[in-house]
Structure formats: C-alpha cells, structure tokens
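S.K.: This is the structure alone, sequence omitted:
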C-alpha cells in the first residue's frame, strides 16, 4: 500500500485518537441497512450516486439495530473536511461506549482496489466483492469502494471487528440503495 493511501485512510482516524483495532483475517456477516429515508435532511455534501446522504441522522436510521444500544449521537466535521464523522455512544459522558463511522465520497479506480486486495492489512470478507471494494484493517476497519471510503472504529472493547464490518457494509448498502 502506498504511503499516500495509508495516510488517507489512517490520518482521519488517528486525529480522532481511536484505540488500535484488533487484527482479523476473515470475517463473515450480513449488512442490515434499513431503507433510506428521503425526508431526512443532509448536513453533509457527501451523497452517493443514488442520492442517499451520509449525514449522521440518516446513517443512524439506516444502521438500525447496529446502533440502537447507543442512542447518544454526536456529529463532528474534522478540519479540512465537509463530511461528518458520526459517533454513537450509550450516553454523553460514556466515551468508552463509542462506535464511530466516517464516510467520505472518494473515487478510487477499480484496478487500484483489485491491486490493494493483494496487499497487507486486507481482511478477507466475501461481502466486499458485492461493492467492488476491499476491507483493510488500518487502526480501524476501512471499507474502500470505487465511490466511498468508510471507516468504522469503536472505543468500546466489546465491539468486535465483525460488528465494525457489519456497520461498514450496512453503510455501503445504504449508500448504494
């Protein structure tokens, strides 16, 4: 993986001070995105080709049960970005219960994604093929598709890598529908 690509994927997460995620080799699961709601307003410029917004309220609705035990939503925009980072926690002062997702519209050549599948830090997850993407374990779980970079992490040690990937794939599914 090139140094530039690594910075693109790691720097936003590192800036948020996330704990290092556990390593994984192969994870199976199923995305469970809820249908997008056209009546939820977007606070982000990030939309998918289908028009689905990547704002936190819409993502909360799309993630459904994956974040239902974390009702406290915080939305932040990092310096130099217009795309929100969404954090769900069990309460405003319960930082260690935080699950975070960052979605950035990012066009990546499919040939680059195919080459990345042969690199290090790749998590073999059969769901990535459906999105033409690749999953990388780089401080957080990162799903890179031809249209988006989706990074999911959790400060909560009870949140497994499988759950992080379920969140990433549910977001990807929501953005495509």
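M.R.: Now that the structure is in, tell me what you want to look at. Owing to the predicted nature of the structure, the values given are computational and were not obtained by experimental measurement.
S.K.: and residue 58, how many neighbours does it have?
M.R.: 25 (other CB atoms under 10 Å). For glycine as for every other residue, the C-beta is placed from the backbone atoms N, C-alpha and C.
S.K.: oh, and call the first residue 14 from now on, that's how I've got it
M.R.: Shifting the count to begin at 14 puts that one at residue 71.
S.K.: Tell me which helix or strand it sits in.
M.R.: helix 69-76 (DSSP states H and E).
S.K.: swap in residue 149?
M.R.: Element membership for residue 149, per DSSP H and E: strand 147-151.
S.K.: The helix or strand that that strand is followed by pairs with which strands?
M.R.: Using DSSP H and E, the helix or strand that directly follows strand 147-151 along the chain is strand 153-157. Sheet pairing of strand 153-157 (DSSP bridges) gives strand 147-151 (antiparallel), strand 161-167 (antiparallel).
S.K.: Could you list the buried residues of stretch 153-165?
M.R.: With burial defined by 16 or more other CB atoms under 10 Å, the residues of stretch 153-165 counted as buried are 153, 154, 155, 156, 157, 158, 160, 161, 162, 163, 164, 165.
S.K.: give the contact list for the second one.
M.R.: Yep, that's residue 154 we're talking about. 34, 136, 148, 164, 165, 166, 174, 177, 178, 181 (CB atoms under 8 Å, 6 or more residues apart in numbering).
S.K.: Quick check: nearest residue in space to it, chain neighbours excluded?
M.R.: Sequence neighbours aside, residue 177 is the residue nearest to residue 154 in space, at 4.1 Å (criterion: CB to CB, 6 or more residues apart in numbering).
S.K.: Let me see the mean pLDDT of the helix or strand harbouring the one you found.
M.R.: Assigned by DSSP H and E, residue 177 belongs to helix 174-189. The average pLDDT for helix 174-189 rounds to 96.
S.K.: buried sites along it?
M.R.: Quick answer for helix 174-189 (16+ other CB under 10 Å): 174, 176-189.
S.K.: Counting by contacts, list what it packs against.
M.R.: helix 69-76, strand 112-118, strand 147-151, strand 153-157, strand 161-167 (3 or more CB pairs under 8 Å, 6 or more residues apart in numbering; DSSP states H and E).
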